[in-house]
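Trainee: Dropping the sequence and predicted coords here.
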Amino acid sequence: MSATEDQADVEKVLAGDASAFEGIVRRWQGPIVNLAYRFCRDRARAEDMAQDAFLRAFRTLASWRREAAFSTWLFALATNLFRTDLRRIPVHPLPLVDIPELRDPRAIDGGLEDEDRDRAVREAVYALPTKYREAILLFYFHEMDVPAAARSLAMPEGTFKARLFRGREVLRSKLAKVRVSPGLREEIP
């Protein structure tokens, strides 16, 4: 189980065995790079951001208080670092008005193939204002529960829930004409 492995590796690093951090990086590199990519949509930048997150985690490893899972601490640290990085060098999101509309509203699937529909949803999410986009990304794309996502964004759960609700409302209004698959319908009610 990775929680036990994380705990063991943290203890080794704190005892002076810096090479034990490699196990943490190996286990969490993919998820952290994916999280960074969801924030910036640039693979090279996401890899750099993830590397910065691991460096920060290594330097501040002693600050993990073990009240929450190591992964929660790591994702919160990474999320905060990514948010700071994006404030410094922002991503230029596509305005909601530029998201493609249905080509043929009479077609059963609205004229959009699955791939086009998925792209339209992703673009709509990325076009959301930052505070809503972050909530949607953590909750739906990274499957964090409300308490973990709120901690990750350093905000009260109520604030997180409000941002998640508002983000869904904006997405619903923009994507109302896109016929979504049953799985997606559950995600964007």
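Mentor: Perfect, thanks for sending it.
Trainee: secondary structure class for Ala68?
Mentor: Counting by DSSP: H, G, I helix; E, B strand; the rest coil, the backbone at Ala68 sits in coil.
Trainee: What separation is there between it and Thr159?
Mentor: Distance check for Ala68 against Thr159: by Cβ to Cβ, to the nearest Å, it reads 19 Å. Backbone N, C-alpha and C define where each C-beta goes, glycine included.
Trainee: Quick one: mean pLDDT over stretch 8-17.
Mentor: Mean pLDDT, stretch 8-17: 94.
Trainee: got the buried residues for it?
Mentor: For stretch 8-17, burial by neighbour count (16 or more other Cβ atoms under 10 Å) applies to Asp9, Val10, Lys12, Val13.
Trainee: Provide the contact partners of that stretch at residue level.
Mentor: The set of residues external to stretch 8-17 that reach it, using Cβ atoms under 8 Å, 6 or more residues apart in numbering, is Ala20, Phe21, Gly23, Ile24, Phe58, Leu61, Ala62, Trp64, Phe70.
Trainee: Drop the exposed ones from those and show what's left.
Mentor: Counted by 16+ other Cβ under 10 Å, the contacts of stretch 8-17 give Ala20, Phe21, Gly23, Ile24, Leu61, Trp64, Phe70 as buried.
Trainee: I'd like the distance between the fourth one and Arg172.
Mentor: Spatial separation of Ile24 from Arg172 under the definition Cβ to Cβ is 39 Å.
Trainee: what is the rounded mean pLDDT of stretch 173-189?
Mentor: Mean predicted lDDT for stretch 173-189 stands at 54.
Trainee: right, I mislabeled it, should have said stretch 142-158
Mentor: Averaging pLDDT along stretch 142-158 yields 87.
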